[in-house]
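here is my input; please provide its structure:
(chains A and B)
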Amino acid sequence: MVKKPRWAVYLVIFIVLLFIPRFFSIFNLMLFEYGLTFAIVGLGFNLLLGYTGLLSFGHGAYFAVGAYTVGMIAKYLPEAYSLELLIPAALLFSLILSVIFGFLCVRHTKIFFSILALSLSMLLYALLFKLYHITGGSDGLRIPLPTLLGMSFKGIRRPEFLSGTYYYFLLVLFAVSCLIMRGIVGSPFGKALQAIRDNEVRAELIGIRVRRYRLYAFILSGMFVGLGGALWSFVNGHVTADLSHWVFSGEIVYMTLLGGFGIFEGPIVGAIFFTYLKLYAMGNTQYWMFVIGGTLIVLVLLLPNGVAGAFAILLAKLKRKKTLGGTAC
Amino acid sequence: MLTVDSLKKYFGFVRAVDDINLEIREGEIVSIIGTNGAGKTTLVNLISGYLKPDGGRILFFDKDITYASPYVRIKLGVGRSFQLIQLFGNCSVLDNVRTALFSKYGMIRRALLPADRYSSVTDEAMKILYNFNMADKKDLTPTGLSEGDLKILDIAIAFALKSKLLLLDEPTSGVATSDKFKVMDSIVSAIKREGVSTLIIEHDMDIVSGYSDRVIVMHEGKIMAEGKPDEIMENKEVKSTVFGIVS
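Numbers count the residues shown, from 1 in each chain, chains lettered A, B, ... in the order given. Okay, here's the model as predicted:
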C-alpha cells in the first residue's frame, strides 16, 4: 500500500510519536510540545522562505495573532472557549491579518520585503503593548485550560492536560499540517511558487501572476504560523506582546535556517532542535545567547543547508555507495 | 498573423528601431539578422511587450497589441525565449516545462494533489521534452545541463505555452560552435512538427540560412534587405555592412 519509502518512514515516526508520553518525563514532553508547535510554525514560514523565496522578519505577528486570539476569547468570550472553536478562530484572524499585511508586503521583494514585514509586525507589537486595557499590555494574557468537544478539564492541572489529551490533539494537528503542507508544495500551485522563487521574470512570462501568488503564499504561511501560535499558547499558559517583537520573528527565521530551508522536513527538525538547544543553553550558562550565535556561525559556514540538509546529503552519499552510480533523491 | 507597422523606439538620440514594417505569416520561420546594436533585440522586446514603442502599431491576428502587457500577449499566443537564459534554476527539467503547462491550463490554483497526479499534463510535458530530445534529462536541474540544452529548454518552455508565434532571441548564443547546428536542428524540427510561426534573431547568417523561409537584415534600426536566404547572401550591400566582405 505504501509505495514510497518516505511515506513508510513518516508512518513509523508518527507511530513512535504516539507513544512518546509513556517514555518522556512531563518536563521533556512539554519541551517536545513546544517543539511541535514551532514545527508547524516552521512549516508555514518555510512555504514563504524555502518555496517562494521571501524572507520575512515579521512572522512573529501571525504567531501573536494566533496566540492572542486564544487569550482574548478566554477573556472576553469564555463561553466559546473550546478547542474546536479556538483553532478555527485563530486561523480566521491570522488569515485576516496576513491578507492585510501580505497585501502591503508582496509589493516588494528581498530586503525591502523583509523590513516591511518586520515593521508591520512591530506595529502590532506596539498595539498589543500599549492597549493595556484590552490586551493586558506587558502583562499579557493568561491562557486557562480549554474544553474539547464538551470535555471539561476543570480540576486537572496543566501538566496532566498537556501530557494527556492535548498531546494527541497537538500531534494530530501537526500531522495534518504536515500532510497539507506536503500537498501544497508538491501541487501545481507549489510548483508555481517555486517557479516564482527561481525566476520571477520567467514566471510572469509563463502566465503566473507573480504578485498575486506571492500573496497566496504569504496568507497560507501566515495561517500556519497563526495555528502554531494558538497551539503554543496552551502549552505556555500565557501570552505576551513579545511574540510580535522582531526578536521572536528572528527566532522563527533561526530555527528554519537551523533545520535547513531547502528541505521540506528541515524546519520541523530545526524547530525541535532549537527548542532543546535554547533551553539547555539557557539552563547551563548565562551566556546562552553566545551559544545560539555561535551555532548560527557554525551553521552558515559549515552547514548551509541546515541540520536536515546535512543529513540528507549524508544519506544520499550512503545510497550512492550502495547502488554505485544511482542518483540521489 | 503578425503585422508590424512603422514601429519606432528611440533611446535618447539612438534610433534603435526606426520605422520598421514587417509581416509574418502562419507557419513561417523568419530570421532577423544584423550586427550588434542593429536593434534586433529591441524589436523582439517591443513585440513581446517588454518595451513600449514610441510610435507605430503591432497587430497580432488583427488585434492591436501595441501597448498590451506581456501577460496579455502570452495569453494571446506570443511566446519568447531569451538571449540570456531565463529558467527555473532549482526545479527539474520536467517541472520547468510542466509548470508552464499548468499555468497555461489555469491549473496553478490547485494546491492539494501532487503535480504527478495530473498525468495528462505530465505526459504532455514529456512529449514536449521528447520533441526537443530532452526526455532523458527530465530529472536534472538546469545547473546540470550544457549551455545548448539550457537554450533548448528555454525554448521548450515557450513552446509549452502553445504560442502561435515564437520569438527566439539568439537561440544559439553562448553555445559551443560545434553544437550550434545540433541545437538549431532540435529546435527547428520541433517547431516545424507543430507548425508554429517563428521569428529567430541571430547575428550569424550561417546558422539561420538553412532553417529560414525568409531572412530580414536589420542595420541601425532599419530594414536593409529582405528575401530568401540565398538572395540575401548575394546582396552586395548586406555583404559589405553585415558580413564585412568587401568585393
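
using the three-state scheme, assign B:K9.
Assigned with DSSP: H, G, I helix; E, B strand; the rest coil, B:K9 falls in the strand class.

just to check, it is in contact with B:I47?
No - shown here, B:K9 and B:I47 do not form a contact pair, counting by Cβ atoms under 8 Å, at 11.0 Å. Glycine gets a C-beta too; all of them are placed from N, C-alpha and C.

strands of chain A, start to end?
A:141-142, A:238-239 (DSSP state E).

give the partner strands of the first one in its sheet and their orientations.
If I follow you right, that is strand A:141-142. In the sheet, strand A:141-142 lines up against strand A:238-239 (antiparallel) (DSSP bridges).

now do the helices in the stretch 201-329 of chain A.
A:210-236, A:246-259, A:266-284, A:288-302, A:306-322 (DSSP state H, counting those that start in this stretch).

what's around residue 110, how many residues?
Picked chain A for this. 10 (other Cβ atoms under 10 Å in any protein chain shown).

switch to chain B, please.
18.

which residues does it contact?
By Cβ atoms under 8 Å, 6 or more residues apart in numbering or on different chains, B:R110 lies in contact with A:S187, A:P188, A:F189, B:Y118.

and the nearest residue to A:L83 once chain neighbours are set aside, what are its bridge partners?
Excluding its sequence neighbours, the residue lying closest to A:L83 (Cβ to Cβ, 6 or more residues apart in numbering or on different chains) is A:L148, at 4.5 Å. On the basis of DSSP bridges, A:L148 is bridged to A:M151.

where does the chain have low pLDDT?
Reading this off chain A. A:1-3, A:322-329 (pLDDT under 70).

wait, chain B
B:243-247.

dump the residue contacts of the residue nearest the centre of chain A.
Geometric centre of chain A, nearest residue: A:V41, 0.7 Å, by Cα atoms, centre = their mean. Counting by Cβ under 8 Å, 6+ apart, A:V41 touches A:H59, A:F63, A:F224, A:V225, A:G228, A:G229, A:W232, A:I252, A:P267, A:A271.

ok, so of those residues, who is nearest B:G77?
A:F224 (38.2 Å; Cβ to Cβ).

state the distance from that closest one to B:L51.
Counting by Cβ to Cβ, to the nearest Å, the separation of A:F224 from B:L51 is 41 Å.

now the helices for chain B?
B:40-48, B:70-76, B:93-104, B:119-131, B:147-160, B:177-194, B:205-209, B:229-234, B:236-238 (DSSP state H).

just these: most buried one?
Highest mean neighbour count among the helices of chain B (mean count of other Cβ atoms under 10 Å in any protein chain shown): helix B:93-104, with a mean of 26.

what angle sits between it and helix B:119-131?
Interaxial angle of helix B:93-104 relative to helix B:119-131 (axes from the mean of the first three to the mean of the last three Cα atoms, to 10 degrees): 120 degrees.

now helix B:93-104 and helix B:147-160, what's the angle there?
Using the same axes, to 10 degrees, helix B:93-104 lies at 20 degrees relative to helix B:147-160.

what residues does the stretch 151-300 of chain A have near chain B?
Within the stretch 151-300 of chain A, the positions lying close to chain B (Cβ under 8 Å from any Cβ of the partner chain) are A:180, A:183-184, A:186-192, A:194-195, A:197-199, A:201-209, A:213.

swap the cut-off to 6 Å and go again
The stretch 151-300 of chain A has residues A:183-184, A:186-189, A:191-192, A:194-195, A:198-199, A:201-202, A:206-208 near chain B, with proximity defined as Cβ under 6 Å from any Cβ of the partner chain.

return the subset of the residues you listed lying in helices.
Those of those lying in helices (DSSP H): A:G183, A:I184, A:G186, A:P188, A:F189, A:K191, A:A192, A:Q194, A:A195, A:D198, A:V201, A:R202.

and the two most separated of those residues?
That would be A:G183 and A:V201, which, of these, are the farthest apart (Cβ to Cβ) at 27.9 Å.

neighbour count winner among those two?
A:G183 (16 against 11).

leaving out the residues flanking it, which one is nearest to B:E202?
B:V208 (4.8 Å).

hmm, B:S31 and the one you found touching each other?
Yes - using Cβ atoms under 6 Å, B:V208 makes contact with B:S31 at a distance of 3.9 Å.

and for the two, which residues touch both?
Shared contacts of B:V208 and B:S31, defined by Cβ atoms under 6 Å, 6 or more residues apart in numbering or on different chains, are found at B:I200, B:E202.

how about the nearest residue to B:L113, chain neighbours excluded?
Nearest residue to B:L113 in three dimensions, chain neighbours excluded: A:S187, at 5.9 Å (Cβ to Cβ, 6+ apart).

quick one: residues in contact with stretch A:70-85.
So stretch A:70-85 is contacted by A:L86, A:L141, A:I143, A:P144, A:P146, A:T147, A:L148, A:A230, A:S233, A:V239 (Cβ under 6 Å, 6+ apart).

contact partners for the residue nearest the centre of chain B?
Centroid-nearest residue in chain B: B:L168, 1.6 Å away (criterion: Cα atoms, centre = their mean). Neighbour list for B:L168: B:S81, B:I200 [criterion: Cβ under 6 Å, 6+ apart].

gap between it and chain A?
Separation of B:L168 from chain A (Cβ to the nearest Cβ, to the nearest Å) stands at 14 Å.

what is that residue paired to in the beta sheet?
B:I200.

thinking again about what came up before, in a markdown table: the helices of the stretch 201-329 of chain A, plus distance to B:D136 and mean neighbour count.
Below are these laid out as a markdown table (distance: least, Cβ to Cβ, whole Å; neighbours: other Cβ atoms under 10 Å in any protein chain shown):
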| stretch | distance to B:D136 | mean neighbour count |
| --- | --- | --- |
| helix A:210-236 | 31 | 25 |
| helix A:246-259 | 34 | 22 |
| helix A:266-284 | 30 | 20 |
| helix A:288-302 | 35 | 13 |
| helix A:306-322 | 20 | 15 |
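
re the thing from before, contacts only, for the nearest residue to the residue nearest to the centre of chain A once chain neighbours are set aside.
Nearest residue to A:V41 in three dimensions, chain neighbours excluded: A:G228, at 3.5 Å (Cβ to Cβ, 6+ apart). Contacts here follow Cβ under 6 Å, 6+ apart; on that basis A:G228 touches A:T37, A:I40, A:V41.

ok, how many other residues are close to the residue nearest to B:R73 when sequence neighbours are not counted?
Leaving aside its chain neighbours, B:R73 sits nearest to B:G49 (4.8 Å; criterion: Cβ to Cβ, 6+ apart). B:G49 has 21 neighbouring residues, counting by other Cβ under 10 Å.

need phi/psi at B:G49.
Per-residue torsions, B:G49: phi 100, psi 10 (degrees, to the nearest 10).

contacts only, for it.
With Cβ under 6 Å, 6+ apart, B:G49 has these contacts: B:S69, B:P70, B:R73.

can I get these in a markdown table including distance to B:R193?
A markdown table is the format used below for the contacts of B:G49 (distance: Cβ to Cβ, whole Å):
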| residue | distance to B:R193 |
| --- | --- |
| B:S69 | 30 |
| B:P70 | 26 |
| B:R73 | 24 |
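
any bit of stretch B:132-148 sitting next to chain A?
No - if you take Cβ under 6 Å from any Cβ as the test, stretch B:132-148 misses chain A, and the best it gets is 7.0 Å.

can you list the buried residues in that stretch?
By 16 or more other Cβ atoms under 10 Å in any protein chain shown, the buried positions in stretch B:132-148 come out as B:F132, B:N133, B:M134, B:K137, B:K138, B:L140, B:T141, B:P142, B:L145, B:G148.

now these as TSV including distance to B:V188?
What follows is the buried residues of stretch B:132-148, written out as TSV (distance: Cβ to Cβ, whole Å):
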residue	distance to B:V188
B:F132	11
B:N133	12
B:M134	15
B:K137	20
B:K138	22
B:L140	24
B:T141	26
B:P142	22
B:L145	20
B:G148	14
